[in-house]
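Enquirer: sequence and predicted structure below; questions after.
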Amino acid sequence: MTNTSAFWENEEATLSARQQEAIWPGGQKAVDALAKRNKRPVRELITDLIDPDTPFFELSLLAGFGMGYPGVDDVACAGIVTGIGKVHGNWTMIMANDARVKAGTYFPITLKKHMRAQAIAEKCGLNSIYIADSGGVFLPMQAEVFPDDQHFGSIFYNMARMSAAGLRQVTLSTGGNTAGGAYIVFMACESIMIDKQSFSFLGGPPLVKMATGEEISAENLGGAKVHTQVSGGADHLCSDQTQAIERVRELLSLSRPQPLNLHRYEVMEPVSQESLHDVLPTSPHKGINGYKVIQAIADGSEFIETKKDFAPGRGSNILTGKIRIKGLPVGVICSNGAGIIFHEAAKKVAEWVVRCSYERIPLLFIQSSPGYMIGSDSEHAGIGKFGADMVRAVSCAQVPRIQLVIGPDNGAANYGMCGRAYKPHFLFSTMRARTAVMSGKSAGGVLLHIEQAKRKASGNPMSVEEIAAFQQRMIDKYDGEAHPFFCASRLFNDRVLKFSEIRDWLGMAFEVSLIKPIGNATFGNFRF
């Protein structure tokens, strides 16, 4: 094992440990508490829900750590499990409250994660299954979760819009759903409740007593039999979770098989003897060999490069061409060397994105760039103009776009390489990713310059020790906020991947993204 390989295996062991924290909140004690109520952890229900011996691609697993909410620092996995699995052969989005995490309460990060899953489902044309067991909004933060766009009500708006578009919305209630949460049951195309386990009401018994003076039990107010036999708010009554999961599968058993709107070739494993563990430097700020990265993940390690000889040394800091991922043809834009984007590279990328769009070929952006080149020579050569064309092309490309971050992801390079603001179908990071406006070293230098000027003007110049301490604080702050754990906790990516997982996740992501037909290419005003 090389030193590089050993380093990344250690980093990925750290990732595994954080993932275990996310999926095991409360430990065995929490699982035992569920069992006393005839419940199982939601991931066990999901395993039974998806087709046998098929994977569940869980999204945003690390969301919710270190959020610093009032009285609550960590919200493990954001309190909700989201991901994509196959139900009767069709890719399906699954969203399941985890009652082990603050009784399934919705914090701001819970909402963001829930609606990110809905956004993927809507964009890719997936049916959605909701496993609902929630205490509703986190009341101490009601102003941050209730009244605005992208707050709690947007979940139900999204359900209505997706249902209207022909995407099935199926809810299985496995516990209490109160106030706004009740609408996850009532807004579904079809909903399932479990006898003496599921409850759904706009106001629970304590609120009813306070508002009207009526004393009533949860069962008689909004239990499963009430809504399946009296109110009609739910459609199917089941005796336990096992029967309920079987009913969900039954409801989706006659769904139309999903198409794949692209030709597909035989799947081939990479033939390169070097894995990403071997070829990626341990420092995220050191340049990479983009060719070796592509060879490590492409079918047959084959890469059909375009504009290979254009502007040597400057245009070659980004590679463009075609590869296959799990048999699917993909246009690739991959950082190379130091990854700095010169105006020649920006022009090359913009042209390639347009070409792939007209060919209806999906795009993969492999990002390891500290930014666009700065300075008078670059400005005079048109870096702003060509950089804007690159951003414009990425913004308007109508084909599926996926970003994979394997290094620095700084400044406007985040934009031109299809970062979160450019709404890629999926965005994945690795333990080598560093997403921030600039590196900690650069930020420390800029802020130190400002601080020194202020202190000098006040007649109190900084000492050598103060300079060193200030710069180190800034480096720690910015590098910490660029780390994949920090970004994942805030949902700046959809998953932090181990290198060995990349091909499977890209294969799933491209396949899911190609369910919807690809529209016609239309672009804005270029400045070529």
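Expert: Thanks, I have it.

Enquirer: give the buried residues for stretch 336-352.
Expert: 336, 339-352 (16 or more other Cβ atoms under 10 Å). For every residue, glycine as well, the C-beta is placed using N, CA and C.

Enquirer: just stretch 453-466 next, same as before
Expert: Arg455, Met462.

Enquirer: average pLDDT across that stretch?
Expert: Averaged across stretch 453-466, the pLDDT comes to 91.

Enquirer: okay, now the closest residue to Pro270 other than its chain neighbours: neighbour count?
Expert: Using Cβ to Cβ, 6 or more residues apart in numbering and skipping residues adjacent in sequence, the residue nearest Pro270 is Ser301, 4.6 Å away. Neighbour count for Ser301, taken as other Cβ atoms under 10 Å: 19.

Enquirer: list the contacts for Ser301?
Expert: Counting by Cβ atoms under 8 Å, 6 or more residues apart in numbering, Ser301 makes contact with Pro270, Val271, Ser272, Ile294, Gln295.

Enquirer: among these, who's most crowded?
Expert: The contacts of Ser301, ranked by neighbours (other Cβ under 10 Å): first place Ile294, 23 neighbours.

Enquirer: that one is in contact with Lys322, isn't it?
Expert: No: between Ile294 and Lys322 there is no contact under Cβ atoms under 8 Å: 10.4 Å.

Enquirer: what residues are shared contacts of those two?
Expert: In contact with both Ile294 and Lys322: Phe303, Val332, using Cβ under 8 Å, 6+ apart.

Enquirer: just to revisit the earlier point, and the buried residues of stretch 336-352, which is closest to Ala30?
Expert: Gly339 (43.9 Å; Cβ to Cβ).

Enquirer: show the contacting residues for the closest one.
Expert: Gly287, Ile288, Asn317, Ile318, Ser368, Ser369, Pro370, Gly407, Pro408, Ala413.

Enquirer: separation between the second one and Ala99?
Expert: When distances are taken as Cβ to Cβ, to the nearest Å, Ile288 and Ala99 turn out to be 43 Å apart.

Enquirer: again, but for the first one
Expert: Separation of Gly287 from Ala99 (Cβ to Cβ) stands at 47 Å.

Enquirer: out of these two, which sits in the more crowded spot?
Expert: Ala99 (24 against 17).

Enquirer: the more buried one - nearest residue in space that isn't next to it in sequence?
Expert: Closest to Ala99 by Cβ to Cβ, 6+ apart is Asp133, at 4.7 Å.

Enquirer: that neighbour is in contact with Thr174, isn't it?
Expert: Yes: Asp133 is in contact with Thr174 according to Cβ under 8 Å; the separation is 4.7 Å.

Enquirer: which residues are in contact with each of those two?
Expert: With Cβ under 8 Å, 6+ apart, Asp133 and Thr174 have common neighbours Lys39, Val42, Ala99.

Enquirer: check for me that Ile366 belongs to a helix.
Expert: No: the assignment for Ile366 (DSSP: H, G, I helix; E, B strand; the rest coil) gives strand, which keeps it out of a helix.

Enquirer: name the SS class of the closest residue to it other than its chain neighbours, please.
Expert: Spatial nearest neighbour of Ile366, excluding adjacent residues (Cβ to Cβ, 6+ apart): Cys334 at 4.0 Å. Secondary structure assignment for Cys334 (three-state DSSP): strand.

Enquirer: who's in contact with the residue in the chain sticking out farthest from the centre?
Expert: Distance to the chain centre peaks in the chain at Gly459, reaching 48.8 Å (criterion: Cα atoms, centre = their mean). Not one residue lies near Gly459 by Cβ under 8 Å, 6+ apart.

Enquirer: tell me the SS of it?
Expert: coil.

Enquirer: repeat that for Thr522.
Expert: Per three-state DSSP, Thr522 ends up coil.

Enquirer: you'd agree it is up against Ala397?
Expert: No: Thr522 is beyond contact range of Ala397, at 9.8 Å (criterion: Cβ under 8 Å).

Enquirer: higher neighbour count, these two?
Expert: The neighbour comparison of Thr522 against Ala397 (other Cβ under 10 Å) goes to Ala397, with 22 against 9.

Enquirer: ok so, going back, and the residue nearest to Ala99, that one's in a strand?
Expert: Yes: Asp133 forms part of a strand when assessed by three-state DSSP.

Enquirer: next, count neighbours for it.
Expert: Residues within reach of Asp133, counting by other Cβ under 10 Å, total 25.

Enquirer: name all residues that make contact with it.
Expert: Lys39, Val42, Asn97, Ala99, Gly104, Ser173, Thr174, Gly175, Gly176, Asn177.

Enquirer: out of the residues you listed, the closest to Gly26 would be?
Expert: Nearest to Gly26 among the contacts of Asp133, with distances taken as Cβ to Cβ, is Ala99, at 10.0 Å.

Enquirer: any idea how far the host helix or strand of His114 is from the chain center?
Expert: Using DSSP states H and E, His114 sits within helix 108-124. How far helix 108-124 lies from its chain's middle: 9 Å, per Cα atoms, centre = their mean, to the nearest Å.

Enquirer: buried sites along that helix?
Expert: Buried residues in helix 108-124 (16+ other Cβ under 10 Å): 108-118, 120-124.

Enquirer: again with stretch 368-375
Expert: Quick answer for stretch 368-375 (16+ other Cβ under 10 Å): Ser368, Ser369, Pro370, Gly371, Tyr372, Met373.

Enquirer: and for stretch 152-169?
Expert: Neighbour-count burial for stretch 152-169, counted by 16+ other Cβ under 10 Å, picks out Phe152, Ile155, Phe156, Asn158, Met159, Met162, Leu167, Arg168, Gln169.

Enquirer: can I get the residues you listed in a markdown table with pLDDT?
Expert: Converted to a markdown table, those look like this (pLDDT from 0 to 100):
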| residue | pLDDT |
| --- | --- |
| Phe152 | 90 |
| Ile155 | 96 |
| Phe156 | 95 |
| Asn158 | 97 |
| Met159 | 97 |
| Met162 | 98 |
| Leu167 | 98 |
| Arg168 | 98 |
| Gln169 | 98 |
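
Enquirer: which ones among those residues map onto strands?
Expert: Gln169 (DSSP state E).

Enquirer: if I look at Ser191, how far off is Thr47?
Expert: Taken as Cβ to Cβ, the span from Ser191 to Thr47 is 22 Å.

Enquirer: who's more crowded, those two?
Expert: A count of neighbours by other Cβ under 10 Å puts Ser191 above the other of Ser191 and Thr47, at 26 against 15.

Enquirer: quick one, what contacts that one?
Expert: Val170, Thr171, Leu172, Ser173, Val185, Gly233, Ala234, Asp235, His236.

Enquirer: mind checking the SS state of it?
Expert: Strictly by three-state DSSP, Ser191 counts as strand.

Enquirer: residues in a beta bridge with it, which ones?
Expert: Beta-bridge partners recorded for Ser191 (DSSP bridges): Thr171.

Enquirer: from Phe426, how far off is it?
Expert: 29 Å.

Enquirer: what does Asp479 give?
Expert: Relative to Phe426, and taking Cβ to Cβ, Asp479 is found at 25 Å.

Enquirer: quick one on the thing from earlier: which one of the contacts of Gly339 is nearest Pro484?
Expert: Gly407 (11.3 Å).

Enquirer: part of a helix, is that closest one?
Expert: No: assignment of Gly407 by three-state DSSP gives strand, placing it outside any helix.

Enquirer: which ones are touching it?
Expert: So Gly407 contacts Leu280, Pro284, His285, Ile288, Ser335, Gly339, Gln367, Ser368, Ser369, Arg432, Ala433, Arg434 (Cβ under 8 Å, 6+ apart).

Enquirer: could you do Gly416 as well?
Expert: When contacts are counted by Cβ under 8 Å, 6+ apart, Gly416 touches Ile341, Ala346, Val349, Tyr372, Gly387, Met390, Val391, Val394.

Enquirer: just put those in CSV and tack on secondary structure and distance to Arg503.
Expert: Below are the contacts of Gly416 laid out as CSV (DSSP: H, G, I helix; E, B strand; the rest coil; distance: Cβ to Cβ, whole Å):
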residue, secondary structure, distance to Arg503
Ile341, strand, 26
Ala346, helix, 28
Val349, helix, 23
Tyr372, strand, 30
Gly387, helix, 31
Met390, helix, 27
Val391, helix, 28
Val394, helix, 23
